[in-house]
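Asks: The amino acid sequence is not available; the structure is as follows:
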């Protein structure tokens, strides 16, 4: 009768529950079938684990000792998306939410001489790695720490072999808020006597080639007369509290309102005298004239007085 058919032991040893012709070692057929595994020696409210198949979702979770709901630990949907702590992983192949305090979201312990993480992306317009709007205030959004075993290796390597001649930035750092005046776009802390920045050009050497550094200003409006194109500052600490003072600077100023065909600019040199008081010492005008604000002293001690 029907009661006797609820559990079937097939001749090949397969067991069916609600299934009269089981094709597998254990086959359960019913609406939202569930299996509960209980560790008889487990601690209170931690011993019952449950597996449920419900429509296109496959649940792995936990129940309390009185069989009330405790948690869904993993959910797999019909597309193969996996949710850990997320019961609707429809937006990603792997979605992790509800990470406990003190835990990390993902940990990879790679003990072999191979990649710890390899992303083979077919994306053409979207980012391969995207860190969304962080709530970070005083910490670090991305931190690559220590690596004390380094000899000739690198901490980071960005490489492109594209032969497309379109304008692009291989690395771009953007501070998008004008009020964040305390922000430094790129800060390099060099603890040795080596170069902090070393720019190498691999382009074929020529009179118009060589490594390039460019400072430019572009607020989407044409430069007005007397506006600064860029500045290089030379600074150091005046005490043990990291009070940084500029001792000298070189800056470029427009000598006229800029437009197509009108791009006059002067180059100015400043030094500091007294208590962080900077003053212009020399100016190379756009037309080539050189103006000094003091005496020109030769190496042999002879000088020329320009004060008249």
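Replies: In hand now; what should we look at? All figures in this text were calculated on a predicted structure; none of them were measured in a lab. Numbering: from 1, shown residues only.
Asks: give me the number of residues near residue 233?
Replies: 13 (other C-beta atoms under 10 Å). Where you see a C-beta, it was placed from the backbone N, CA and C, and this is true even at glycine.
Asks: what bridges to it?
Replies: When bridges are called by DSSP bridges, residue 233 pairs up with residue 249.
Asks: Can you tell me how far residue 262 is from residue 224?
Replies: Applying C-beta to C-beta, to the nearest Å, the value for residue 262 to residue 224 is 12 Å.
Asks: Comparing those two, which residue is more hemmed in?
Replies: More neighbours surround residue 262 than the other of residue 262 and residue 224, with 13 against 10 (other C-beta under 10 Å).
Asks: How confident was the prediction at that one?
Replies: Looking at residue 262, its pLDDT is 96.
Asks: what's the burial count for residue 67?
Replies: Residue 67: 10 neighbours (other C-beta under 10 Å).
Asks: try the one 3 residues further on
Replies: Residue 70 is flanked by 16 other residues according to other C-beta under 10 Å.
Asks: list the contacts for it?
Replies: 45, 48, 61-64 (C-beta atoms under 8 Å, 6 or more residues apart in numbering).
Asks: make it 10 Å
Replies: Applying C-beta atoms under 10 Å, 6 or more residues apart in numbering to residue 70 gives the contacts 45-46, 48-50, 61-64.
Asks: Could you say which helix or strand holds it?
Replies: strand 69-76 (DSSP states H and E).
Asks: Buried residues in that strand, which are they?
Replies: 70, 72, 74-76 (16 or more other C-beta atoms under 10 Å).
Asks: Just give me the residue right at the centre of the protein.
Replies: Central residue of the chain (C-alpha atoms, centre = their mean): residue 142, 5.3 Å from the mean position.
Asks: which non-adjacent residue is nearest it?
Replies: residue 131 (6.9 Å; C-beta to C-beta, 6 or more residues apart in numbering).
Asks: Could you pull up phi and psi at that neighbour?
Replies: phi -100, psi 110 (degrees, to the nearest 10).
Asks: thinking residue 171 is in contact with residue 158, fair?
Replies: Yes. Judged on C-beta atoms under 10 Å, residue 171 makes contact with residue 158 at a distance of 5.9 Å.
Asks: Any stretches of the stretch 201-308 of the chain with poor pLDDT?
Replies: 303-308 (pLDDT under 70).
Asks: ok, now with 90
Replies: 274-276, 293-308 (pLDDT under 90).
Asks: Now do the strands in it.
Replies: Ranges of strands within the stretch 201-308 of the chain are 228-237, 244-254, 265-273, 277-284, 290-292, 296-297, 303-304, based on DSSP state E, counting those that start in this stretch.
Asks: Ok, which of these comes nearest residue 190?
Replies: strand 228-237 (14.0 Å; C-beta to C-beta).
Asks: angle of the closest one against strand 265-273?
Replies: 20 degrees (axes from the mean of the first three to the mean of the last three C-alpha atoms, to 10 degrees).
Asks: Please identify the buried residues of strand 228-237?
Replies: Going by neighbour count (16+ other C-beta under 10 Å), the buried part of strand 228-237 is residue 229.
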